[in-house]
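# no sequence for this one, just the structure:
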């Protein structure tokens, strides 16, 4: 079915001005008669729906133009990947919402949370957030089974084990800050930072090895999300690179 621009604008909810702009950008090119009138087809409606979907996913118009130029199979794959990311975000958000509701109940004198319940909810939320942020990278580097085992291991941590991890991270933070004031290998600060990070990993994961430790260190520098995490934790943009240097120095097979 064909539509004149006014009718097409009313049908799609997209203003005539925006439709003209999309035409100028080459995103949505209707048939143009000799008198200059634009005519939109059902195929144009399909393309516009895809454009609007990409816009809702926060893609820029330049990015959308590149996506529209891809073969249909690749476009579908990209959309499927976006859906997977949204599902992960939804799971993390639902976990946070559930924890917030339980906290409100606990704080306002409603249903009281036991210490065990508070801890269990935190672990579930942490797993959901890690899946959203780093799930794909961890699966790619270490395999689906290893990741599932790590998640189950984390969910099974006791409060004492979690306290060990928190204490290790505190030691890491202090030692790495000291090391960055005077970077030197070997040094007491560097060794303390390595051992604290090693303790954290050995507690958090069921398959610790020095090789895995070095692999994670490489990710800290290669992936800006890990780099940002350590920058925020230590308060220094050099933190992730310094930690990798320390790990590469000490994580040597005997």
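Perfect, thanks for sending it. All figures in this text were calculated on a predicted structure; none of them were measured in a lab.
# could you pull out the helices for the stretch 51-200 of the chain?
Taking DSSP state H, counting those that start in this stretch, the helices of the stretch 51-200 of the chain run over residues 61-68, 72-107, 115-142, 144-155, 159-181, 188-204.
# Of the ones you listed, which shows the lowest average pLDDT?
With a mean of 59, helix 115-142 has the lowest mean pLDDT of the helices of the stretch 51-200 of the chain.
# For residue 84, give its distance to residue 19.
31 Å (Cβ to Cβ, to the nearest Å). From N, CA and C alone the C-beta is placed, and that goes for glycine too.
# Compare those two (neighbour count), which wins?
More neighbours surround residue 19 than the other of residue 84 and residue 19, with 22 against 12 (other Cβ atoms under 10 Å).
# just checking, that one touches residue 7?
No. In terms of Cβ atoms under 8 Å, residue 19 does not count as a neighbour of residue 7; the distance is 11.2 Å.
# can you pull the pLDDT of residue 187?
95.
# Which residue, other than its chain neighbours, is closest to it?
Beyond its immediate neighbours in the sequence, the residue positioned closest to residue 187 (Cβ to Cβ, 6 or more residues apart in numbering) is residue 179, lying 6.6 Å away.
# What helices and strands are in contact with whichever helix or strand residue 246 is part of?
Assigned by DSSP states H and E, residue 246 falls within helix 239-250. Packing contacts for helix 239-250, counted by 3 or more Cβ pairs under 8 Å, 6 or more residues apart in numbering; DSSP states H and E, involve helix 159-181, helix 188-204, helix 210-222, helix 224-234.
# and residue 64, how many neighbours?
20.
# Quick one: residues contacting the residue nearest to it when sequence neighbours are not counted.
Nearest residue to residue 64, sequence neighbours excluded (Cβ to Cβ, 6+ apart): residue 54, at 4.5 Å. Contacts for residue 54 (Cβ atoms under 8 Å, 6 or more residues apart in numbering) come out as 63, 64, 67.
# Perfect, I'm done here.
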